[in-house]
Structure formats: structure tokens, C-alpha cells
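**Student:** take this sequence and fold it.
(one chain, ligands or ions: 1)
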Amino acid sequence: MINITDKRNCTGCGACVNICPRNVITIVEDGDGFVYPKVDAEGCIECHLCEKSCPMLKDMSEICKKHAEFPQFYAGQLKNRDDLLEVSSGGAFWAFAQIIIEAGGVVYGAVQEDVDHIYHVRADNLDGIKNTRRSKYFQSETGATYRQTKEDLKKGLTVLYSGTGCQIAGLKGYLGKEYEHLITCDVVCHGVPSRKVWQAYRREKEEREGKKISELVFRDKSAGWSHNQYKITYQDGSIEKEASTRQLFHAGYLKGLFYRPSCGCCRFASLPRAADVTLADYWRYEGRFHQQGFDLGVSLITVNSEKGSKLLRLSSKYLEYDTIERTLALKSCKHLDEHPSENPDRPNFFKVFSEAGYYAAAREYIKAGNDISLIKRIVRKFRILVRL
Ligand SMILES: Cc1cc2nc3c(=O)[nH]c(=O)nc-3n(C[C@H](O)[C@H](O)[C@H](O)COP(=O)(O)OP(=O)(O)OC[C@H]3O[C@@H](n4cnc5c(N)ncnc54)[C@H](O)[C@@H]3O)c2cc1C
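**Tutor:** This is a model prediction of the structure:
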């Protein structure tokens, strides 16, 4: 029976929930706002499948396989400019998804139902997969999608499953073997924040503003990709946009003050990665996409296997891409090969937060906007102007 004694050892991926033959494992939220499996001991038949499927208990070589000629690194951007406005980076995922759907396959990814709720869905058509676009900075619930994936694979369908590294590792742990028609895609992940902290922030903000939030977009590109913004829409129709680094909740997230405990020691945030292809923002891109619009977004694509390589080749119908050096890729994106680090102030933050709320804790531990110094901001703006 799965028994979590150290919360750093559970990512909440849901492999155990999906594999349990008696359906006696459920996912529940703890006091800090992170989900963990809970076993109904009375119904448990001690088959130990939950432990066998857990990616945290497996040898890493079973999850993240090394391939001699990989990883390979690329910069990519969608050819369609309208589509580029709907994605977080250069839209490599949307190119992959279109190729799989056109070939009669199915795609799994994370959608946002409302302001607080992110979960994984299965889609066999483009309309169904549209809402998986754009990064949502909360942990997505995988639900029964690992089981559904297995059913699809058994039917001979090609499946593209996307998610964070730990979710791809969870799927692999659940499946327990390689499937020829399964292609996996992970996003480089900066960690997932506490839902409880978000909900408290939201409540306090709504009280201060005197109006309810009806919609949240984590990655608004209207001021340009490099001026990444949070866009909050209120029920009265008013809209608030704020640079992510200065946004009071996102600034705390970026500082690692309220990550899931397993994120600060993530096993799946380094090379070799668990997925066939890994996507990230290519912030330090210097190349030909500048002519057509650097500020529309550029994807950093890491191909980890032959399957990933084939998918990238097929996606050239929708995606332009160029090979890049490993050193440039790692220089641009440290979380490609390094897990995020937990802030030493995390326990103090949670203490003040639980006693006095989000804004009180933020006053002490987050100085939103000061994360990027004025000089750095001027340099960044200058570099963008020079590129345009
Ligand atoms: C929580 C999180 C943290 C990230 N941290 C970084 C980072 O530190 N550095 C960096 O370079 N890139 C990071 N990314 C990845 C980056 O923001 C883009 O998602 C990635 O470059 C893909 O962009 P795209 O334009 O190809 O596709 P998009 O259309 O922007 O993204 C769609 C893809 O993201 C997946 N996705 C969206 N939200 C979630 C979620 N909550 N859980 C699981 N999967 C999700 C969808 O399933 C789909 O595969 C992060 C993404 C997430 C979700």
C-alpha cells in the first residue's frame, strides 16, 4: 500500500490512483494545498501495484532512457502568426498536436476550466485540444487519463500525451512498458504552486478590489512575448494586466515560496528527460525568427528520442525550426537540466500566511517587481528594441 512519509517523495501524478484495481485510492488536498493519494485501507488487497507504478520508487533508468544520439536541441516557431498569439512560446506543441490529430491520433493535455481548476483532457479533434494551449501555472489533475491512454494504445491509436516531467514519468510508471504508438511531450517546469495559497490570494484580492475574478490568463502576449503578463478579467468586465514578474502571486511563485515540496528536489527536471520531446521558452534566442517576430515567441525544443525526432520532422508543415548548440540551450533554460530550488523562507512564508493571510506574508517575503533590477529591465528592453 502506498504510504507517503515524506511529502517530497510524491508528485501527485496519479499513477497509483489509475492503477489500483479496486479503485480505493483517491486524491485529496492536504492542509498546505497540495494533492496526495489516500488509500482506503479496508478495500486494499495488498497487490502492491500502486508502489510498483510509482515513478518515485522506480529506478530512474526505467523512466528516463538514454539514447546515444540524443538529446538534440532546436529553436522553433509556428508559421501561422495568428496561432502564435494563442500559445505561450513558439507553439511547438500546437504543431505537434495538429500532426497527431490529422493522422487520426489522440492528444492529451492540460486545460483550464475556470480560474482555479486545471485538469488533463483527451481530444481526438482540434477543437477539443485548443484549450490545452498556453501554460497554466497550477498543477493539473491527471484524473483517469493514464487509463484512457492505455485503452487508446491497446486500440492501436497513436497518442501524444503532454504534461510536466513528473506527469510523463507517472504515465510511464503506470504503463510499465514501452508502446510503439505513444509519444510523450513534457514542458520544462518551474514548479507548481499551492492551490490553497492561490485561493487565499484570490479571495483577498477580490475583497480589496470589491469585485470577483472571472478569468485568468497566465501568459498574455498582447504586450509581446518578452513582456509576459498576467491578465485578470473581473465579473464586471474590467481587465487588469500586469507583468508576471511584478504580479504579486506570480512573483511569490517565481521565488519558490510556495512550491509543491517535491518540486524543490524534482527527479524529472534534468537530462535525460522522461519524454520524447521537451518544450520550453527560448528567452535567449538569437536567430532568423527575429525578422519575422521574436516577440511572438520562440520555442526551445529538446528532442530526446527517435520518436521525438520523427514528430519534429513531420511538424515542419506548421513549424519552422533550426538546430542549435547544447550550450546555448542550457544557457537559455537552466530548468532543462536543473530542478527549481526551494526558497529557504518557505516555512516562514507559510507560517505568516496561515496566521495573517497572503498579503501579510507577501509584504514580508515578496517584493514584487524588485526581482528584476531596474538596470536588468532597461537592458532587456534595449535588447528587444535592437532585435525589432
Ligand atoms: C507549470 C509550468 C511551469 C513552466 N516553467 C517553465 C520554465 O521555468 N522555463 C521555461 O522555459 N518554460 C517553462 N514552462 C513551459 C513553457 O511555459 C511552455 O509551456 C512551453 O514552452 C510550451 O509552449 P508552446 O508554445 O509549445 O505551447 P503552449 O500552447 O503554450 O503550451 C501547451 C502545452 O503546455 C501543457 N500545459 C499547460 N499547462 C500545464 C499544466 N499546468 N500542467 C501540465 N501541462 C501543462 C499543455 O498540456 C500543452 O502540452 C512551464 C510550463 C508550465 C505549465
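**Student:** and stretch 201-215, how far apart are its ends?
**Tutor:** End-to-end span of stretch 201-215 (Cα to Cα, to the nearest Å): 15 Å.
**Student:** return the distance of it from the chain's centre.
**Tutor:** 25 Å (Cα atoms, centre = their mean, to the nearest Å).
**Student:** just the mean pLDDT for that stretch, thanks.
**Tutor:** Regarding stretch 201-215, the rounded mean pLDDT is 97.
**Student:** which residues touch it?
**Tutor:** Stretch 201-215 is touched from outside by 115-116, 231-236, 238, 248-249, 357-359, with contacts defined as Cβ atoms under 8 Å, 6 or more residues apart in numbering. Every residue, glycine included, has its C-beta placed from N, CA and C.
**Student:** go through those residues and say which is closest to the ligand.
**Tutor:** Closest approach to the ligand among the contacts of stretch 201-215 (Cβ to the nearest ligand atom): residue 116, at 12.2 Å.
**Student:** can you flag the buried ones in the contacts of stretch 201-215?
**Tutor:** 115, 231, 232, 233, 234, 248, 249, 358, 359 (16 or more other Cβ atoms under 10 Å).
**Student:** and the residue nearest to the third one when sequence neighbours are not counted, which of the three is it?
**Tutor:** Sequence neighbours aside, residue 240 is the residue nearest to residue 232 in space, at 4.6 Å (criterion: Cβ to Cβ, 6 or more residues apart in numbering). For residue 240, the secondary structure call by DSSP: H, G, I helix; E, B strand; the rest coil comes out as strand.
**Student:** start at 52, not 1
**Tutor:** Noted, 52 is the first residue going forward, which turns the last one into residue 291.
**Student:** what's around residue 291, how many residues?
**Tutor:** Number of residues near residue 291 (other Cβ atoms under 10 Å) recorded here: 14.
**Student:** re earlier: from the buried ones among the contacts of stretch 252-266, which shows the smallest pLDDT?
**Tutor:** residue 166 (91).
**Student:** now the residue nearest to that residue when sequence neighbours are not counted: which helix or strand?
**Tutor:** Spatial nearest neighbour of residue 166, excluding adjacent residues (Cβ to Cβ, 6+ apart): residue 267 at 4.8 Å. Assessed by DSSP states H and E, residue 267 sits inside strand 264-271.
**Student:** adjacent strands (with direction) for that strand?
**Tutor:** Partners of strand 264-271 in the sheet, by DSSP bridges, are strand 280-285 (antiparallel).
**Student:** is any residue of the partner strand near the ligand?
**Tutor:** No. Counting by Cβ under 6 Å from any ligand atom, the ligand is not contacted by strand 280-285; separation bottoms out at 13.4 Å.
**Student:** test my guess that the residue nearest to residue 166 contacts residue 280.
**Tutor:** No. Contact criterion Cβ atoms under 8 Å: residue 267 and residue 280 do not qualify, at 11.5 Å.
**Student:** for residue 342, grab the count of nearby residues.
**Tutor:** Neighbour count of residue 342, defined by other Cβ under 10 Å: 9.
**Student:** packing partners of the strand or helix carrying it?
**Tutor:** Taking DSSP H and E as the definition, residue 342 sits inside helix 340-344. In terms of contacts (3 or more Cβ pairs under 8 Å, 6 or more residues apart in numbering; DSSP states H and E), helix 340-344 is packed against strand 123-129.
**Student:** partner strands of the strand it packs on, with direction?
**Tutor:** The strands beside strand 123-129 in its sheet (DSSP bridges) come out as strand 350-354 (antiparallel), strand 370-375 (antiparallel).
**Student:** mind listing what residue 184 touches?
**Tutor:** Residues in contact with residue 184 (Cβ under 8 Å, 6+ apart) are 137, 138, 139, 142, 144, 145.
**Student:** buried ones among these?
**Tutor:** Those of the contacts of residue 184 that meet the buried threshold are 138, 139, 142, 144, 145, by 16+ other Cβ under 10 Å.
**Student:** so who does the residue nearest to the fourth one when sequence neighbours are not counted touch?
**Tutor:** On the basis of Cβ to Cβ, 6+ apart, the spatially nearest residue to residue 144 that is not a chain neighbour turns out to be residue 330, at 5.9 Å. With Cβ under 8 Å, 6+ apart as the criterion, the residues that contact residue 330 are 140, 143, 144, 236, 237, 238, 239, 350, 351, 352, 353.
**Student:** could you count how many residues lie near the last one?
**Tutor:** For residue 353, the tally of surrounding residues (other Cβ under 10 Å) stands at 27.
**Student:** gap between it and residue 133?
**Tutor:** 26 Å (Cβ to Cβ, to the nearest Å).
**Student:** try the fifth one
**Tutor:** For residue 237, the distance to residue 133 (Cβ to Cβ) stands at 26 Å.
**Student:** which one's more surrounded, these two?
**Tutor:** Each of residue 237 and residue 133 has its neighbours counted (other Cβ under 10 Å); residue 237 has more, 26 against 7.
**Student:** I'd say that one and residue 219 touch.
**Tutor:** Yes. Using Cβ under 8 Å, residue 237 is in contact with residue 219, at 4.7 Å.
**Student:** identify the bridge partners of the residue in the stretch 302-439 of the chain that the ligand sits nearest to.
**Tutor:** Nearest residue of the stretch 302-439 of the chain to the ligand, counting by Cβ to the nearest ligand atom: residue 331, 3.2 Å away. Beta-bridge pairing of residue 331 under DSSP bridges involves residue 351.
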